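Novice: sequence and predicted structure, then a few things I'm wondering about:
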There are 2 protein chains.
Amino acid sequence: MRYHKIPDETIQRLPLYWRALRLLSENRSHVNSKVLAEIVQVNPWQIRKDLSYFGGFGTPGVGYDIKKLSCQLRDILNLKNTHKTALVGVGDLGSALLGYSGFSQLGFEIVSAFDVSTKKVGKIKNNVNVEDISKLKTLKRKGIRLAIIAVPVKAAQETADKLVRAGVVGILNFTPSYLVVPKTVKVISIDIAMDIARLPYYLPTNRAGKT
Amino acid sequence: MRYHKIPDETIQRLPLYWRALRLLSENRSHVNSKVLAEIVQVNPWQIRKDLSYFGGFGTPGVGYDIKKLSCQLRDILNLKNTHKTALVGVGDLGSALLGYSGFSQLGFEIVSAFDVSTKKVGKIKNNVNVEDISKLKTLKRKGIRLAIIAVPVKAAQETADKLVRAGVVGILNFTPSYLVVPKTVKVISIDIAMDIARLPYYLPTNRAGKT
DNA sequence: GGTTGTGAACCACTTCACAGCC
DNA sequence: GGCTGTGAAGTGGTTCACAACC
């Protein structure tokens, strides 16, 4: 019954559990679903169900061994070894991402950066040398299989195509466009503008609009 | 039947429709659900259902008037007038957000920025004066009701509390923490790290793990 | 003929409830 | 007694199919 028809929603919650466990591990050795549930703001049975998709990690009457569960989640999420990552587009957003500690904490290491601007190529940012976009082909040789796209919208698909040709199998897309890629390549899109755009909907106004 | 029990998922899709319509409006005056569906990568009947929650905007046999629908979506999403917004935390991320054109395109205007660091206070970034965090109280007087939190995790809840006290009713939270706020305040959290963390799960490996 | 709008059917995730285990 | 793991029930968003309309 393992690894079979697991809801995407479950996969989305696993990192939350994992992060909570990391914090908990500083103070205690065990946790039950009720306590964990409160931290990540979901129901206890949701957590138990999620974890049960991958097998029983807990002990009835006791709860979950934090160290052990943490390790197993890390394994499931495939975060055990560090992932060398390339960044394409070193503009405002790209630069911010280069300095973003969240990546390294999760085991991502931006080892390569690319841009089209001759102004940026050759510069060194956060210990990473910015290369010309034409050097993308070298990714395969370097064993880099993950990439972050932080280029202007119009260049997004083209960049994705190049990355796929360079052997990239996972893409973090920060542009607001749907990328067409082979089924073997996984794209996760982060579209900040679209998240932001729905905030005003929920604000108190003269309208009746509410959930 | 208007404004009653509308799925959150629908609200999340409306901005996508809106953006697609903006692009389409440059070339044509009408669009049907099939074409729009292809652009935003959802099913035609999903679009029709979503729109039907708010009333009939289309014409059978013809489709949707792009200008009209666009305008109506903007109205539903409450994006008609610009929203003055405050930014708290002018670090890497905060700075990137200050230069982010996505905000202004949606009608958000960052008119005020705050930080605790004496190094940053007093500086001017992207035409915005960085003030000391203690000046947050002035938001109410200035009529600013939206805020972006881009501070370190530990300061997140404290910042949220201050913002609520200063009359803020909508918060964009870029920190990885659950914010406790009154029910009248809407928080939208953007947790980049958690989106990123699930990418490796989908990568082809020795494991059997797949959806 | 083409397309919308929508009640009904469907399906997938969530929630429940309890057997099983410590 | 306390807590997990899970089949079964419930719920709500998605998909369908077709009547209504241009």
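Specialist: Alright, I've got the coordinates.
Novice: burial of A:K80, as a residue count?
Specialist: 11 (other C-beta atoms under 10 Å in any protein chain shown). All C-beta atoms are positioned from the backbone trio N, CA, C, and that covers glycine.
Novice: backbone dihedrals for it, please?
Specialist: With angles defined as degrees, to the nearest 10, A:K80 sits at phi -70, psi -50.
Novice: show me what contacts it?
Specialist: A:74, A:107 (C-beta atoms under 8 Å, 6 or more residues apart in numbering or on different chains).
Novice: apply 7 Å and report the result again.
Specialist: Under the criterion of C-beta atoms under 7 Å, 6 or more residues apart in numbering or on different chains, the neighbours of A:K80 are A:R74.
Novice: A:K68 now?
Specialist: A:K68 makes contacts with A:F57, as judged by C-beta under 7 Å, 6+ apart.
Novice: that one should be in a strand, yeah?
Specialist: No - under DSSP: H, G, I helix; E, B strand; the rest coil, A:K68 sits outside any strand and is assigned helix.
Novice: pLDDT score assigned to it?
Specialist: At A:K68, the predicted lDDT confidence score is 96.
Novice: measure A:D132 to chain B for me?
Specialist: Counting by C-beta to the nearest C-beta, to the nearest Å, the gap from A:D132 to chain B is 23 Å.
Novice: close to DNA strand D: what parts of chain A are there?
Specialist: A:1, A:32-34, A:44-45, A:48-49, A:51-52, A:55-64 (C-beta under 7 Å from any atom of the strand).
Novice: buried subset of those?
Specialist: A:32-33, A:48, A:51, A:57-58, A:63-64 (16 or more other C-beta atoms under 10 Å in any protein chain shown).
Novice: hmm, back to that, in helices, which of the residues of chain A next to DNA strand D appear?
Specialist: A:33-34, A:44-45, A:48-49, A:51-52 (DSSP state H).
Novice: save those residues as CSV, and put in distance to chain B and pLDDT too.
Specialist: As requested, these are exported to CSV (distance: C-beta to the nearest C-beta, whole Å; pLDDT from 0 to 100):
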residue, distance to chain B, pLDDT
A:S33, 17, 97
A:K34, 16, 96
A:P44, 16, 97
A:W45, 19, 97
A:R48, 20, 97
A:K49, 16, 97
A:L51, 15, 97
A:S52, 15, 96
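Novice: farthest pair in the residues you listed?
Specialist: By the measure C-beta to C-beta, A:K34 and A:S52 form the most distant pair in these, at 16.0 Å.
Novice: for chain A, which strand is longest?
Specialist: Once chain A is assigned using DSSP state E, the strand that runs over the most residues is strand A:108-115.
Novice: what sits up against that strand?
Specialist: With C-beta under 7 Å, 6+ apart as the criterion, strand A:108-115 contacts A:82-90, A:98, A:103, A:121, A:125, A:128, A:130-131, A:133, A:135-136, A:142, A:144, B:196.
Novice: one more time with 6 Å
Specialist: A:82-88, A:90, A:128, A:130-131, A:133 (C-beta atoms under 6 Å, 6 or more residues apart in numbering or on different chains).
Novice: mean confidence score for stretch A:116-124?
Specialist: 96.
Novice: how close does the nearest residue to A:R198 once chain neighbours are set aside get to DNA strand C?
Specialist: What sits nearest to A:R198 in space, not counting adjacent residues and going by C-beta to C-beta, 6 or more residues apart in numbering or on different chains, is B:I11, at 5.3 Å. Between B:I11 and DNA strand C the distance is 16 Å, computed by C-beta to the nearest atom of the strand, to the nearest Å.
Novice: and the helix or strand harbouring B:I11, what does it pack onto?
Specialist: Per DSSP states H and E, B:I11 falls inside helix B:8-24. For helix B:8-24, the elements it packs on are helix B:33-40, helix B:66-76, judged by 3 or more C-beta pairs under 6 Å, 6 or more residues apart in numbering or on different chains; DSSP states H and E.
Novice: got a list of what A:L51 touches?
Specialist: Applying C-beta under 6 Å, 6+ apart, we find A:L51 in contact with A:F57.
Novice: please redo it, this time with the cut-off set to 8 Å
Specialist: So A:L51 contacts A:17, A:57-58, A:64, A:69 (C-beta under 8 Å, 6+ apart).
Novice: hmm, A:L106 is touching B:A193, no?
Specialist: Yes - checked against C-beta atoms under 8 Å, the pair A:L106 and B:A193 is within contact range at 6.2 Å.
Novice: near DNA strand C, which residues of chain A?
Specialist: Checking chain A against DNA strand C by C-beta under 7 Å from any atom of the strand, the hits are A:5, A:7-10, A:42-43, A:45-46, A:48-49, A:59-62.
Novice: check the residues you listed and tell me the two furthest apart.
Specialist: Most distant of those, by C-beta to C-beta, are A:D8 and A:G61, 31.9 Å apart.
Novice: quick one: low-confidence ranges for chain A?
Specialist: A:1-4, A:206-211 (pLDDT under 70).
Novice: could you chop it up by domain?
Specialist: Following automatic domain parsing, chain A resolves into domains at A:8-76, A:83-191.
Novice: which of the ones you listed sits most buried?
Specialist: Counting by mean count of other C-beta atoms under 10 Å in any protein chain shown, domain A:83-191 has the highest mean neighbour count of these, with a mean of 18.
Novice: how about the contacts made by A:K49?
Specialist: A:T10 are the contacts of A:K49 under C-beta under 8 Å, 6+ apart.
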